[in-house]
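Q: after the sequence you'll find the predicted model.
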Amino acid sequence: MLFCLVFFISCGKDKKKDEPGILDAIESVSDLNNFAKEAEKIEEENEKLLTATPISNEALKKLLPEDILNYPRKKFSIGNQFMADIAMAEAEYENENGNLISFSIVDGAGETGSAMVTLARLGFTRDFEEQSDRGYRKSTTINGYKAVEEVEKDDYNDYQNSKIDLMVANRFLLSIEGEGLSVSQLKKAIEELDLKALEKQAN
């Protein structure tokens with residue numbers, strides 16, 4: 001670590017002021033240390049998820065509202081025929097204008113579920129923001145839960161697609177996506193979900 005810092009200092013002396021300097025290097029090292037600590041914590045908790053009992057299909061079904069933002073539920077599915085060892089649920093909601101909301105829950109219990117959720121948790125460990133002329137993607141916190149929000153705009157009109165991924169109790173991965181909906185609308189949709197009931201399922 002000391003060698004790396006000395007190296008960055010020596011290299012930084014000849015660089016222009018607008019180029020990354022020693023403070024940026026120290027911050028990067030700090031971020032890596034925090035990431036490593038979080039990864040170690042995730043690995044330890046992953047052992048518990050491997051032996052945890054997956055949530056029942058009936059409990060999953062109760063977590064799928066009959067409507068979201070007054071969009072009636074059009075269809076849903078519980079479980080996965082190709083991955084029988086994972087507990088998951090998906091539902092679609094549609095309004096009279098044809099706008100869609102897709103909602104899914106993945107339980108991190110079991111071998112397959114823990115692998116999927118552990119990988120997702122690594123993506124929630126660092127703060128980031130990415131932006132382009134078509135939209136953005138960034139880490140955030142919603143109602144105390146770590147989340148990633150994403151917006152993609154249509155090139156020809158104001159139509160946009162939004163998506164929010166949310167981690168609950170370090171076990172359940174939620175994803176809600178809206179066609180023709182803004183991020184603020186999706187956040188209101190999340191408020192309609194019974195996340196506290198989901199937290200209880202993790203205990």
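A: All right, it came through fine.
Q: could you look up the SS state of Gly113?
A: helix (DSSP: H, G, I helix; E, B strand; the rest coil).
Q: the residue nearest to it when sequence neighbours are not counted: what's it in contact with?
A: In space, and not counting its chain neighbours, Gly113 is closest to Ile86: 4.7 Å by CB to CB, 6 or more residues apart in numbering. All C-beta atoms are positioned from the backbone trio N, CA, C, and that covers glycine. Ile86 makes contact with 54, 79-80, 106-107, 110, 112-113, 116, according to CB atoms under 8 Å, 6 or more residues apart in numbering.
Q: show the buried residues in the residues you listed.
A: Among the contacts of Ile86, those buried by neighbour count (16 or more other CB atoms under 10 Å) are 54, 106-107, 110, 112-113, 116.
Q: so which of those residues sit within strands?
A: When DSSP state E defines the strands, the subset of the buried ones among the contacts of Ile86 inside them is 106-107.
Q: TSV for the buried ones among the contacts of Ile86, including pLDDT and distance to Leu100?
A: Listed next are the buried ones among the contacts of Ile86 as TSV, based on pLDDT from 0 to 100; distance: CB to CB, whole Å:
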residue	pLDDT	distance to Leu100
Pro54	92	28
Val106	95	20
Asp107	95	24
Gly110	92	30
Thr112	90	27
Gly113	92	26
Met116	90	23
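Q: between the buried ones among the contacts of Ile86, which sits nearest Ile142?
A: Distances from Ile142 to the buried ones among the contacts of Ile86, taken as CB to CB, are shortest for Val106 (17.5 Å).
Q: verify the stated contact: the closest one with Ser114.
A: No - Val106 is beyond contact range of Ser114, at 10.5 Å (criterion: CB atoms under 8 Å).
Q: related to what we said a few turns ago, quick check: the farthest pair among the buried ones among the contacts of Ile86?
A: Pro54 and Met116 (12.3 Å).
Q: for Glu191, what are its contacts?
A: Glu191 sits next to Asn143 when contact means CB under 8 Å, 6+ apart.
Q: list phi and psi for it.
A: As for Glu191, its main-chain torsions (degrees, to the nearest 10) stand at phi -60, psi -20.
Q: with Ala109 instead?
A: With angles defined as degrees, to the nearest 10, Ala109 sits at phi -80, psi 140.
Q: count of neighbours near it?
A: As a burial measure, Ala109 scores 24 neighbours (other CB atoms under 10 Å).
Q: from Glu177, how far out is it?
A: Per CB to CB, to the nearest Å, Ala109 is found 24 Å from Glu177.
Q: spit out the contact partners of the residue nearest the centre of the chain.
A: Centroid-nearest residue in the chain: Asp165, 3.2 Å away (criterion: CA atoms, centre = their mean). Shown in contact with Asp165 (CB under 8 Å, 6+ apart): 120, 147-148, 173-175.
Q: now Ile105, nearest residue through space, not along the chain?
A: Distances taken as CB to CB, 6+ apart put Ala89 closest to Ile105, at 4.9 Å, once the chain neighbours are dropped.
Q: okay, and the beta partners of the residue nearest to Leu100 when sequence neighbours are not counted?
A: Residue nearest to Leu100 in three dimensions, not counting chain neighbours: Glu179, with 4.4 Å by CB to CB, 6+ apart. Glu179 has these beta-bridge partners by DSSP bridges: Leu100, Asn161.
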